[in-house]
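*Asks:* Okay, sequence plus prediction incoming.
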Amino acid sequence: MKTITIDHKNDLHLIASCPAVAALGFFDGVHLGHQKVIQTAKKLADKKGLKTAVISFFPHPKEIIGKTGERVHYLLPPAEKAKKFSRLGVDYFYLIRFTPEFARLEPKEFVWKYLVPLQIKHAVAGYDFTYGRKGKGSLDTMEEDSGYSITVTKVENVERNDEKISSTLIRNKIQLGLMEELPDYLGEFYETKGKMIRTDGKDELILDRYYMIPPKGCYDVAIGNGKEWFDGRVLVTEQKKIYWLGPPIPSVWNIFRVKVKWISRNIHFIPEIEEKQTKNLVSVHG
């Protein structure tokens, strides 16, 4: 898969490689609803003999046009989203830089400045996808906005446990520490990346940017070094610091960069025990 970052200085006619069916959306978390959109685009592209593209944006529109100082909690950094797109069979990932200038585009301007030059022949998105200034454009208006050069497919929402799967729902569950519920919505455990370092005699996990950290508590996790996974437990403090509680990890791992799968909250650890564990943390290396 080829990833192409687009700002407002790109000549899109030059970077568009070939006609494509495009999945449109922010796709934070690439949850099962997002996967359905992308899989639908892939099937249509194969049927039409076209390439499959994903067109997304960064940063989140709320950071640009939302309330002043509003913080956006991301589920995944763009690079990790790209890896998930690649596994779904996407050929091109166009990542548009979301700016105030971009936010001011009228719906028809967005179509003619971006979708048409990128040779998008068919667009696929969720039923609630909007585009253009104040979200005035939708899949119901896109065909007309494009002069009927782009056809569209609207994908209905996906539900699990009588809940519509959405990035907002997943964020809410992480904020509540309900990590064991996430596979129902993501299709897998929530996975983060970062580094393991030793500070003040404690083994600390520092996550990369654009991941969420669950609330204070103890969590059963699996950490990976790229070759194997190792089950253990971490403590998340009130200050959102993450400490490894053990068991000790073999020193042959030589851990620097690690992946963390968040399995479930360990409800058997009461606050008093959590505080004790914070003061007496297990070394990473056995």
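*Replies:* Yep, that arrived.
*Asks:* Wait, Val37 touches Gly25, no?
*Replies:* Yes. Assessed by C-beta atoms under 8 Å, Val37 is found in contact with Gly25 at 6.4 Å. The C-beta positions use only the backbone N, C-alpha and C, and glycine is treated the same way.
*Asks:* which neighbours do those two share?
*Replies:* Counting by C-beta atoms under 8 Å, 6 or more residues apart in numbering, the contacts common to Val37 and Gly25 are Ala125, Gly126.
*Asks:* Looking at these two, which is more packed in?
*Replies:* Val37 (25 against 22; other C-beta atoms under 10 Å).
*Asks:* In terms of helix, strand or coil, where does that one fall?
*Replies:* helix (DSSP: H, G, I helix; E, B strand; the rest coil).
*Asks:* show me what contacts it?
*Replies:* Counted by C-beta under 8 Å, 6+ apart, Val37 has contacts Ala23, Gly25, Phe27, Val124, Ala125, Gly126, Val155.
*Asks:* Out of those residues, flag the one nearest to Gly226.
*Replies:* Comparing these against Gly226 with C-beta to C-beta picks out Phe27 as the nearest, at 24.7 Å.
*Asks:* where does the stretch 1-150 of the chain have low pLDDT?
*Replies:* For the stretch 1-150 of the chain, the stretches with pLDDT under 70 are 9-17, 66-70.
*Asks:* Please enumerate the helices of it.
*Replies:* Counting by DSSP state H, counting those that start in this stretch, residue ranges of the helices within the stretch 1-150 of the chain are 12-15, 32-48, 61-65, 78-87, 100-103, 107-110, 139-145.
*Asks:* Could you find the closest non-adjacent residue to Lys259?
*Replies:* Gly224 (4.2 Å; C-beta to C-beta, 6 or more residues apart in numbering).
*Asks:* Show the pLDDT at the one you found.
*Replies:* Note on Gly224: pLDDT of 88.
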